[in-house]
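1. What follows is a predicted protein model with its sequence.
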Amino acid sequence: MMHAADVREWRDHDVVDAKGKKIGVLEAVYVDTATDEPAMATVRTGLPTRQRLVFVPLDDAVLGPDYLRVPHGKGKVRKAPSIGTDDILPAEQEESVFLYYDMAYRPGVNGERQLARR
């Protein structure tokens, strides 16, 4: 399991799929607000003039010396819900990220968000 203590050190690592194909560059890590453990990451993809941030779950991800390997294919991640490079994930779109990866979405009992950026 990855721990939230050193997530800032992961920034700018290459993100690769299970076959080692580069998907993009790690931009940020989002933790589960209930556990404070890393849950999702945003990956910077696209051409230098048209970049965006796509979301990918960190379940079963492997952190290497200069990469983060995720179990999802490059094509699936690149088609995932995205935001602009200067944007934040709107609360009303958070559930769509989980649904895209067939994951359960569990907001807090008072409607709190499930994800928080670190």
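-> Yep, it's here.
2. Could I get the contacting residues of the closest residue to L26 other than its chain neighbours?
-> Once flanking residues are discounted, L26 sits nearest to H13: 4.8 Å by CB to CB, 6 or more residues apart in numbering. Every residue, glycine included, has its C-beta placed from N, CA and C. Taking CB atoms under 8 Å, 6 or more residues apart in numbering, we find H13 in contact with 25-26, 63, 66-68.
3. rerun that using 6 Å as the cut-off
-> H13 makes contacts with 26, 66-68, as judged by CB atoms under 6 Å, 6 or more residues apart in numbering.
4. among these, which two are most distant?
-> Spatially, the most separated pair among these is L26 and D66, at 10.7 Å (CB to CB).
5. Who has more neighbours out of those two?
-> Applying other CB atoms under 10 Å to L26 and D66 shows that L26 carries more neighbours, namely 22 against 8.
6. Quickly find the element holding the more buried one.
-> Using DSSP states H and E, L26 sits in strand 22-32.
7. Ok, L53 next?
-> L53 belongs to strand 52-57, assigned by DSSP H and E.
8. so what's the spatially most central residue of the chain bridging to?
-> Nearest to the geometric centre of the chain sits A41, at 1.8 Å (CA atoms, centre = their mean). For A41, the beta-bridge partners are V29, V56 (DSSP bridges).
9. so who does it touch?
-> 26, 29, 56, 58.
10. Compute the distance between F98 and N110, please.
-> Distance, F98 to N110, using CB to CB, to the nearest Å: 19 Å.
11. neighbour count winner among these two?
-> Applying other CB under 10 Å to F98 and N110 shows that F98 carries more neighbours, namely 19 against 5.
12. Now name the helix or strand holding the nearest residue to the more buried one once chain neighbours are set aside.
-> Residue nearest to F98 in three dimensions, not counting chain neighbours: Y105, with 4.0 Å by CB to CB, 6+ apart. If you go by DSSP H and E, Y105 is not part of any helix or strand.
13. Good, we can wrap up now.
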